[in-house]
Structure formats: structure tokens, C-alpha cells
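Got a sequence here, can you build the structure:
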Amino acid sequence: MTALTIMAWNCAGGFLAKSHVVTGAKPDIAIISEIGEVGSGQIEGATSVASIGTANGRGLAIIGFNGWRVERAHLAIEEQLFLPVRASRGEDQLQLVGACVRPDGGYVPPILRAINALEPFILSTPTIVAGDFNQSAEFDARRKPGPGRRFADVVGALDDFDLRSAWHARKNGSTWKFARLPSAIKNTIEINIRKVLTLFI
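Numbers count the residues shown, from 1 in each chain. As a prediction, this is how the structure comes out:
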């Protein structure tokens, strides 16, 4: 696989007025949270867009650039918002799961339920999980004790899928960014993070 730049950003609405932030970063694939309905023709350089929940302007989109095509993998994920896609450019292929988590009994329980539902997809081939989880393990000390309440439980669940923190592999930061890829692919990925978001490799 050739070098790949992935950008995850919560644009907080009004994406088209701010799209220069994305195009200026020159990603191959961008995972955009809190975005309204957009088409690839509205975004400079975009070659494809997959999205969910965008009718109210607070959805989730995965945008392909530089010839990358993203196609939604039609899986039944009840939790909001999780978007599994397959991405390809020529012979290069991988899967992504975009996330813009909405609370349902807190933020951690819906993430854990979505991970459980996505297990076959994540384990089937190289997969990246990225987006706005609205959580950090740094917040765990403020939470009530018990299983399924702490973001560390999310990290542990993804660790069971052999997903590792790309952020912590590069920096000693507090933001969790993870993905699952073979070593040969993992070594070619440049991670471009614009906000406190999460990428699992």
C-alpha cells in the first residue's frame, strides 16, 4: 500500500464554509463529524462521499480524495453514529469505521454495543476505526465504577481485536486513536489529527 493520510475532524456544523480546513490538509480520506448533507461535487478534490445522519446537519461523513473511493458497507448498526465503509484506490483496499458517538446511557455503552456489532467487519480485513468518540480515558476517574462505564473498557474491547493506539505509538498524548492493520501497511500511514478525536489502527 502506498502512503495514506487520514484526517478526523469534528467540524461542529457548517462544513462547506470550513471545508478549506480539510482540503488544505490534503488528506486521502477524511472522517468528518457533525456535518450536514454534502456531495463529492461540493468539496474541492473529493472523489466520493459516504454519510449517515446528515439531515439535521450533525451527521457523519467519510470523504475520499486523491482517487480514493469510499462505499458504505450496509451493516445494521443501531447505535449512533457509526459508519462502516470499504475504501479502495486501484489495488489498495482497506476498511474504515467512522464514529460520531451520541449518548445513550452515557457515551461508553453505545460504543461498546457498536464494537460488538461491528466485530465481524473489523476482524475480516485491515480496518481503521476513527472519529469523535466524545470520550477519553482521562475522564474515567470521574465516572462511577463498574463494567461498561469507562473509556478504558472501550480501549480494552478494541485491544481484543488487536487494535492499537496510533496516537500513543507516536506521542504520549491523552487522545485515543486506534486501528488494525498489518505491519507493512501500518508503517506507511501518516496520521493527521485536527481535533481531539480517536483513531484505532
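
In contact with residue 58, which residues are there?
Residue 58 makes contact with 13, 34, 35, 36, 100 under the criterion C-beta atoms under 8 Å, 6 or more residues apart in numbering. Glycine gets a C-beta too; all of them are placed from N, C-alpha and C.

next one: residue 88
Contacts of residue 88 (C-beta under 8 Å, 6+ apart): 68, 69, 94.

let's see it at 10 Å
48, 64, 67, 68, 69, 70, 71, 94, 95 (C-beta atoms under 10 Å, 6 or more residues apart in numbering).

can you pull out the strands in this structure?
Here the chain has its strands, by DSSP state E, at 4-10, 29-35, 46-52, 59-65, 69-72, 82-89, 92-100, 127-132, 164-165, 178-180, 189-193, 198-200.

Show the average pLDDT along the first one.
Over the span of strand 4-10, the pLDDT mean works out to 89.

so what does that strand touch, helix or strand wise?
helix 20-25, strand 29-35, strand 59-65, strand 82-89, strand 92-100, strand 127-132, strand 189-193, strand 198-200 (3 or more C-beta pairs under 10 Å, 6 or more residues apart in numbering; DSSP states H and E).

Flag every buried residue along the fourth one.
Burial within strand 82-89, assessed by neighbour count using 16 or more other C-beta atoms under 10 Å, is assigned to 82, 83, 84, 85, 86, 87, 88, 89.
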